[in-house]
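Chemist: dropping a prediction and its sequence here:
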Amino acid sequence: MLSVNTPHPAYPFLPMREPDINSPECRKAMDHVRSLLSFIGEDPNREGLLDTPKRVVKAMHEHFRGYNMDPAEALARTFSEVEGYDQMVLLTDLDIQSHCEHHMVPFVGKAHVAYIPDGKVVGLSKLAKVVEIFSKRLQVQEKLTAQIAQAIQEHLNPLGVAVVIECRHFCMCYRGVHQPRAWTTTSKLTGIFLKNMATREEFLRLIASRGRSND
Ligand SMILES: [Zn+2]
(Lines give C-alpha, C1' and ligand atoms only; values in the text may rest on other atoms or scores of the structure.)
Protein backbone atom coordinates (compact mmCIF):
# COMPACT_ATOMS: atom_id res chain seq x y z
CA MET A 1 0.00 0.00 0.00
CA LEU A 2 1.35 3.38 -0.92
CA SER A 3 0.04 6.15 1.25
CA VAL A 4 0.83 9.81 0.85
CA ASN A 5 -0.22 12.27 3.47
CA THR A 6 -0.55 15.84 2.28
CA PRO A 7 -1.28 17.94 5.36
CA HIS A 8 -0.49 21.34 3.85
CA PRO A 9 -1.08 21.24 0.13
CA ALA A 10 -0.95 24.59 -1.57
CA TYR A 11 -2.63 24.99 -4.91
CA PRO A 12 0.36 25.30 -7.19
CA PHE A 13 -1.10 23.26 -9.98
CA LEU A 14 -3.23 25.53 -12.08
CA PRO A 15 -1.75 28.41 -14.02
CA MET A 16 -3.18 31.61 -12.63
CA ARG A 17 -3.64 34.21 -15.28
CA GLU A 18 -4.98 37.58 -14.25
CA PRO A 19 -8.37 38.34 -15.77
CA ASP A 20 -8.43 41.21 -18.26
CA ILE A 21 -10.23 43.69 -16.08
CA ASN A 22 -10.94 45.95 -19.08
CA SER A 23 -12.68 43.25 -21.12
CA PRO A 24 -16.44 43.68 -21.70
CA GLU A 25 -17.14 40.52 -19.63
CA CYS A 26 -15.20 41.81 -16.63
CA ARG A 27 -16.73 45.26 -16.86
CA LYS A 28 -20.19 43.73 -16.93
CA ALA A 29 -19.40 41.50 -13.95
CA MET A 30 -18.07 44.49 -12.00
CA ASP A 31 -21.33 46.35 -12.72
CA HIS A 32 -23.21 43.41 -11.21
CA VAL A 33 -21.05 43.57 -8.08
CA ARG A 34 -21.91 47.27 -7.76
CA SER A 35 -25.61 46.34 -8.04
CA LEU A 36 -25.20 43.78 -5.27
CA LEU A 37 -23.48 46.37 -3.07
CA SER A 38 -26.46 48.68 -3.56
CA PHE A 39 -28.84 45.77 -2.89
CA ILE A 40 -27.35 45.15 0.58
CA GLY A 41 -27.70 48.84 1.41
CA GLU A 42 -24.17 50.01 0.65
CA ASP A 43 -22.95 52.95 -1.34
CA PRO A 44 -20.75 51.46 -4.13
CA ASN A 45 -19.18 54.87 -4.61
CA ARG A 46 -17.80 55.31 -1.13
CA GLU A 47 -14.01 55.23 -0.95
CA GLY A 48 -13.63 51.86 0.76
CA LEU A 49 -15.73 50.11 -1.88
CA LEU A 50 -14.38 51.72 -5.05
CA ASP A 51 -12.01 48.86 -5.86
CA THR A 52 -14.25 46.14 -4.43
CA PRO A 53 -15.89 45.12 -7.76
CA LYS A 54 -12.44 44.63 -9.29
CA ARG A 55 -11.28 42.57 -6.29
CA VAL A 56 -14.45 40.44 -6.34
CA VAL A 57 -14.07 39.68 -10.04
CA LYS A 58 -10.41 38.72 -9.53
CA ALA A 59 -11.36 36.53 -6.56
CA MET A 60 -14.09 34.83 -8.61
CA HIS A 61 -11.57 34.19 -11.34
CA GLU A 62 -9.45 32.39 -8.76
CA HIS A 63 -12.29 30.54 -7.00
CA PHE A 64 -13.69 29.17 -10.26
CA ARG A 65 -10.57 28.54 -12.31
CA GLY A 66 -11.49 24.85 -12.51
CA TYR A 67 -13.83 25.56 -15.42
CA ASN A 68 -10.85 26.22 -17.66
CA MET A 69 -9.13 22.97 -16.82
CA ASP A 70 -9.72 19.51 -18.19
CA PRO A 71 -9.26 16.53 -15.84
CA ALA A 72 -8.54 14.36 -18.89
CA GLU A 73 -5.43 16.46 -19.48
CA ALA A 74 -4.31 16.06 -15.87
CA LEU A 75 -4.67 12.27 -16.08
CA ALA A 76 -3.34 11.84 -19.62
CA ARG A 77 0.22 10.87 -18.67
CA THR A 78 0.40 7.47 -17.02
CA PHE A 79 3.27 5.15 -16.13
CA SER A 80 3.29 1.42 -16.63
CA GLU A 81 6.74 0.67 -15.16
CA VAL A 82 5.48 0.04 -11.66
CA GLU A 83 7.33 -3.22 -10.80
CA GLY A 84 4.05 -5.05 -10.72
CA TYR A 85 2.63 -2.75 -8.05
CA ASP A 86 -1.01 -3.72 -7.75
CA GLN A 87 -1.99 -2.54 -4.26
CA MET A 88 -3.82 0.50 -3.02
CA VAL A 89 -2.52 3.99 -3.71
CA LEU A 90 -4.01 6.38 -1.16
CA LEU A 91 -3.74 10.14 -0.84
CA THR A 92 -5.24 11.59 2.30
CA ASP A 93 -5.99 15.10 3.55
CA LEU A 94 -6.10 16.91 0.24
CA ASP A 95 -7.54 20.35 0.92
CA ILE A 96 -10.95 21.10 -0.50
CA GLN A 97 -11.81 24.76 -0.98
CA SER A 98 -14.98 24.88 -3.02
CA HIS A 99 -18.21 26.86 -3.32
CA CYS A 100 -21.74 25.49 -3.08
CA GLU A 101 -23.81 26.03 -6.18
CA HIS A 102 -26.93 26.87 -4.17
CA HIS A 103 -25.58 29.86 -2.23
CA MET A 104 -22.14 30.53 -3.79
CA VAL A 105 -20.52 30.42 -0.36
CA PRO A 106 -17.51 28.28 0.56
CA PHE A 107 -17.41 24.74 1.74
CA VAL A 108 -14.05 23.55 2.99
CA GLY A 109 -12.55 20.31 4.20
CA LYS A 110 -10.56 17.29 3.09
CA ALA A 111 -10.61 14.71 0.35
CA HIS A 112 -9.16 11.20 0.56
CA VAL A 113 -8.57 9.50 -2.77
CA ALA A 114 -7.54 5.89 -3.39
CA TYR A 115 -7.23 3.61 -6.39
CA ILE A 116 -5.88 0.16 -7.14
CA PRO A 117 -3.88 0.21 -10.38
CA ASP A 118 -4.43 -2.19 -13.21
CA GLY A 119 -1.01 -2.03 -14.86
CA LYS A 120 -0.60 1.75 -14.91
CA VAL A 121 -0.30 4.53 -12.38
CA VAL A 122 -0.52 8.28 -12.57
CA GLY A 123 1.67 10.91 -10.91
CA LEU A 124 0.44 11.53 -7.35
CA SER A 125 0.19 15.27 -7.87
CA LYS A 126 -2.19 14.60 -10.78
CA LEU A 127 -4.72 13.08 -8.39
CA ALA A 128 -4.51 16.23 -6.30
CA LYS A 129 -4.94 18.25 -9.48
CA VAL A 130 -8.13 16.41 -10.37
CA VAL A 131 -9.48 17.21 -6.91
CA GLU A 132 -8.58 20.84 -7.44
CA ILE A 133 -10.07 21.07 -10.94
CA PHE A 134 -13.48 19.87 -9.80
CA SER A 135 -13.49 21.76 -6.50
CA LYS A 136 -12.72 25.09 -8.20
CA ARG A 137 -16.19 25.12 -9.73
CA LEU A 138 -19.64 25.65 -8.30
CA GLN A 139 -20.41 22.36 -6.63
CA VAL A 140 -22.51 20.24 -4.36
CA GLN A 141 -20.39 17.89 -2.30
CA GLU A 142 -22.12 14.76 -3.61
CA LYS A 143 -21.43 15.73 -7.22
CA LEU A 144 -17.83 16.73 -6.46
CA THR A 145 -17.18 13.32 -4.88
CA ALA A 146 -18.69 11.44 -7.82
CA GLN A 147 -16.90 13.55 -10.46
CA ILE A 148 -13.46 12.94 -8.93
CA ALA A 149 -14.06 9.18 -8.72
CA GLN A 150 -15.50 8.98 -12.23
CA ALA A 151 -12.66 10.95 -13.80
CA ILE A 152 -10.03 8.67 -12.26
CA GLN A 153 -12.00 5.55 -13.17
CA GLU A 154 -12.54 6.70 -16.74
CA HIS A 155 -9.06 7.95 -17.57
CA LEU A 156 -6.86 5.58 -15.56
CA ASN A 157 -9.09 2.51 -15.76
CA PRO A 158 -7.89 1.05 -12.46
CA LEU A 159 -9.41 -1.94 -10.64
CA GLY A 160 -11.30 0.50 -8.44
CA VAL A 161 -11.47 4.03 -7.06
CA ALA A 162 -12.54 5.29 -3.65
CA VAL A 163 -13.15 8.92 -2.76
CA VAL A 164 -14.25 10.24 0.62
CA ILE A 165 -14.84 13.94 1.23
CA GLU A 166 -15.46 15.60 4.59
CA CYS A 167 -16.49 19.26 4.53
CA ARG A 168 -18.01 22.09 6.48
CA HIS A 169 -20.51 24.12 4.49
CA PHE A 170 -20.70 27.82 5.23
CA CYS A 171 -24.29 27.93 3.98
CA MET A 172 -25.18 25.53 6.79
CA CYS A 173 -22.79 26.90 9.43
CA TYR A 174 -23.47 30.63 9.29
CA ARG A 175 -26.95 30.91 7.85
CA GLY A 176 -30.05 28.71 7.53
CA VAL A 177 -29.93 26.05 10.25
CA HIS A 178 -26.79 27.55 11.87
CA GLN A 179 -24.87 24.37 12.60
CA PRO A 180 -21.26 25.59 12.69
CA ARG A 181 -19.90 22.28 13.96
CA ALA A 182 -21.63 20.03 11.44
CA TRP A 183 -19.51 18.01 9.02
CA THR A 184 -20.81 16.43 5.83
CA THR A 185 -19.18 13.20 4.66
CA THR A 186 -19.70 11.75 1.19
CA SER A 187 -18.15 8.76 -0.51
CA LYS A 188 -18.00 7.27 -3.98
CA LEU A 189 -16.61 3.79 -4.58
CA THR A 190 -16.13 1.96 -7.84
CA GLY A 191 -14.93 -1.49 -8.97
CA ILE A 192 -13.11 -3.59 -6.40
CA PHE A 193 -13.90 -1.15 -3.58
CA LEU A 194 -17.57 -1.94 -4.14
CA LYS A 195 -17.22 -5.65 -4.77
CA ASN A 196 -14.59 -6.64 -2.24
CA MET A 197 -15.43 -6.02 1.39
CA ALA A 198 -11.82 -6.54 2.56
CA THR A 199 -10.54 -3.83 0.16
CA ARG A 200 -13.26 -1.45 1.21
CA GLU A 201 -12.57 -2.07 4.89
CA GLU A 202 -8.84 -1.57 4.41
CA PHE A 203 -9.52 1.81 2.79
CA LEU A 204 -11.93 2.91 5.50
CA ARG A 205 -9.61 1.71 8.27
CA LEU A 206 -6.66 3.62 6.79
CA ILE A 207 -8.72 6.80 6.64
CA ALA A 208 -10.01 6.37 10.18
CA SER A 209 -6.52 5.70 11.57
CA ARG A 210 -5.21 8.78 9.73
CA GLY A 211 -7.83 10.83 11.54
CA ARG A 212 -6.55 9.68 14.90
CA SER A 213 -2.87 10.19 14.06
CA ASN A 214 -3.57 13.73 12.88
CA ASP A 215 -5.24 14.74 16.16
ZN1 LIG B 1 -25.26 26.06 0.02
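Modeler: Cool, got the structure.
Chemist: the chain: helices as residue ranges?
Modeler: With DSSP state H as the definition, the chain shows helices at residue ranges 24-39, 52-63, 71-74, 124-135, 141-156, 170-173, 192-195, 197-214.
Chemist: quick check: buried residues in the first one?
Modeler: Residues 26, 29-30, 33-34, 37 are the ones in helix 24-39 that count as buried (16 or more other CB atoms under 10 Å). Heads up, the C-betas are built off the backbone N, CA and C, glycines and all.
Chemist: which of the residues you listed lies closest to the ion?
Modeler: Nearest to the ion out of the buried residues of helix 24-39 is Val33 (CB to the ion; 20.0 Å).
Chemist: just give me the neighbour total for the nearest residue to that closest one once chain neighbours are set aside.
Modeler: Nearest residue to Val33, sequence neighbours excluded (CB to CB, 6 or more residues apart in numbering): Pro53, at 3.9 Å. Using other CB atoms under 10 Å, Pro53 has 22 neighbouring residues.
Chemist: so how far is Met60 from Pro53?
Modeler: 11 Å (CB to CB, to the nearest Å).
Chemist: then Asn157?
Modeler: For Asn157, the distance to Met60 equals 35 Å [CB to CB].
Chemist: who's in contact with the most centrally placed residue in the chain?
Modeler: By CA atoms, centre = their mean, the mean C-alpha position of the chain lies nearest to Ser135, the distance being 3.0 Å. Residues near Ser135 by CB atoms under 8 Å, 6 or more residues apart in numbering: 66, 96-98, 111, 144.
Chemist: which ChimeraX command selects the buried ones in those?
Modeler: In ChimeraX, a selection of the buried entries from those looks like this (16+ other CB under 10 Å):
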select :66,96,98,111,144
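Chemist: most widely separated two among the contacts of Ser135?
Modeler: Gly66 and Ala111 (13.7 Å; CB to CB).
Chemist: show me what the residue lying closest to Asn196 once chain neighbours are set aside is bridged to.
Modeler: Spatial nearest neighbour of Asn196, excluding adjacent residues (CB to CB, 6+ apart): Gly160 at 8.0 Å. Gly160 has the following beta-bridge partners by DSSP bridges: Ile116.
Chemist: these two touch, right, Gly160 and Tyr115?
Modeler: Yes: the pair Gly160 / Tyr115 is scored as a contact, 6.7 Å apart, by CB atoms under 8 Å.
Chemist: chain neighbours aside, what residue packs nearest to Val163?
Modeler: Closest residue in space to Val163, ignoring its immediate chain neighbours: Ala149 at 4.4 Å, by CB to CB, 6+ apart.
Chemist: and the pLDDT at the one you found?
Modeler: Here, the pLDDT recorded for Ala149 equals 98.
Chemist: where does Asp118 sit relative to Thr145, distance-wise?
Modeler: In terms of CB to CB, Asp118 sits 22 Å off from Thr145.
Chemist: more neighbours: those two, which one.
Modeler: Per other CB under 10 Å, whichever of Asp118 and Thr145 has more neighbours is Thr145, with 23 against 14.
Chemist: ok so, going back, let me have the contacts of Ser135 in CSV, extended by distance to Leu204 and pLDDT.
Modeler: Output for the contacts of Ser135, formatted as CSV (distance: CB to CB, whole Å; pLDDT from 0 to 100):
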residue, distance to Leu204, pLDDT
Gly66, 28, 95
Ile96, 19, 97
Gln97, 25, 97
Ser98, 23, 98
Ala111, 15, 98
Leu144, 19, 98
